[in-house]
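**Q** Provided below are the primary sequence and the corresponding predicted coordinates.
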Amino acid sequence: MDLAYTLVFTVFPYLCLTTFVLGHAYRYVTDRYGWTARSSEFLEKKSLWAGSTLFHWGIILTFFGHAGGMLVPQRVFDFFGISAGAHMTVAYWSGLAVGVAAFVGILLLAWRRLTQPRVRVVTTVNDAVTVGALIVVSGLGIYNVVFGHYNVLYTLAPWIRGIVTFTPEPMLMREVPLSYKLHVTAAWALLGFSPFSRLVHIWSAPVYYLLRRPIVMRRLTQF
Ligand code: HEM
């Protein structure tokens, strides 16, 4: 039993994290011109907008919610007068809002890929796996929020902190319900797969665009 927990909740996460880091380095060196979101906007724009906007806002805010809510120990929240109960209530409602946005968004994107002939024809197996995995991970997340009602602050959250601080404690996951175990395991697998998919575009978010010096545009004068 202990061995199974060590394999699933320590060895597997580190395997996925290693693949994530080395995979991105390998992809960057070997396929720099393939490092792209492979946007299909020029093939079909109308239905992309709703799905892509909902999904991107939802998934990015979900990421920050996960990081802020679980990587920061509850004792820090206690110090600022935020009880575990209040923490869980905020996590529930904000998680529900952004999680539903991400889930509905990715379903719309999957529907678009299935029903728009021009988009369907350029969809690869890799795209299908990526979108399918995002549906599974976000769907299990929503399931946990709506039906789970499990307090993660003293088991799952310290477990994930143990992983990122290289002090893993897999047995913390013993009490955690199955649907949460499936959610985190599917998320690790997606992380390990992401360097080999279009998800590499996440690391090329055009943040410097906001800081770059303005370009002065002048009309050409005729002499
Ligand atoms: C960091 C900021 C991000 C930027 C600037 C960004 C930008 C883009 C752009 C320009 C596209 C192509 C056009 C479109 O489909 O909207 C795209 C597609 C996509 N992005 Fe992102 N993205 C970001 C983060 C993410 C994250 C965090 C995920 C998932 C974990 C993600 C998953 C996807 C997927 C699955 C598609 C393909 C959608 C489809 O065509 O079916 N993106 N992204």
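**A** Arrived safely, thanks for sending. Numbering: from 1, shown residues only.
**Q** going forward, measure contacts between C-alpha atoms and count neighbours the same way
**A** Noted.
**Q** right, is the lowest-mean-pLDDT helix or strand in the chain up against the ligand?
**A** The least trusted helix or strand in the chain, going by mean pLDDT, DSSP states H and E, turns out to be helix 208-211, with a mean of 89. No: residues of helix 208-211 are not located near the ligand by C-alpha under 6 Å from any ligand atom, the shortest gap being 11.0 Å.
**Q** One more: stretch 47-55?
**A** Yes: counting by C-alpha under 6 Å from any ligand atom, the ligand is contacted by stretch 47-55 at Ser52.
**Q** chain center to that stretch, what's the gap?
**A** 16 Å (C-alpha atoms, centre = their mean, to the nearest Å).
**Q** got the CA coordinates for that stretch in CSV?
**A** This file holds the C-alpha atoms of stretch 47-55, laid out as CSV (Å, rounded to 0.1, in the frame of the first residue of the first chain):
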residue,chain,number,x,y,z
SER,A,47,-17.0,30.4,-32.7
LEU,A,48,-13.3,30.6,-31.6
TRP,A,49,-13.9,33.9,-29.8
ALA,A,50,-16.3,32.7,-27.1
GLY,A,51,-14.6,29.3,-26.5
SER,A,52,-11.1,30.7,-26.5
THR,A,53,-11.9,33.8,-24.3
LEU,A,54,-13.8,31.8,-21.7
PHE,A,55,-11.2,29.0,-21.6
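**Q** what does it rub up against?
**A** Residues outside stretch 47-55 that contact it (C-alpha atoms under 8 Å, 6 or more residues apart in numbering): Glu41, Ala101, Ala102, Phe103, Val104, Gly105, Ile106, Leu107, Leu108, Leu109, Arg112.
**Q** same for the host helix or strand of the third one, what does it pack against?
**A** Just to be clear, that refers to Ala102. Per DSSP states H and E: Ala102 is located in helix 84-115. Contacts defined by 3 or more C-alpha pairs under 8 Å, 6 or more residues apart in numbering; DSSP states H and E place helix 84-115 against helix 46-66, helix 74-79, helix 117-122, helix 125-143.
**Q** for those helices, which one sits closest to His87?
**A** Among these, helix 74-79 comes nearest to His87, with 7.8 Å by C-alpha to C-alpha.
**Q** before we move on, the earlier item: dump the helices and strands packed on helix 84-115 to JSON lines, plus mean neighbour count and mean pLDDT.
**A** Listed next are the helices and strands packed on helix 84-115 as JSON lines, based on neighbours: other C-alpha atoms under 10 Å; pLDDT from 0 to 100:
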{"stretch": "helix 46-66", "mean neighbour count": "17", "mean pLDDT": "96"}
{"stretch": "helix 74-79", "mean neighbour count": "13", "mean pLDDT": "93"}
{"stretch": "helix 117-122", "mean neighbour count": "14", "mean pLDDT": "96"}
{"stretch": "helix 125-143", "mean neighbour count": "18", "mean pLDDT": "98"}
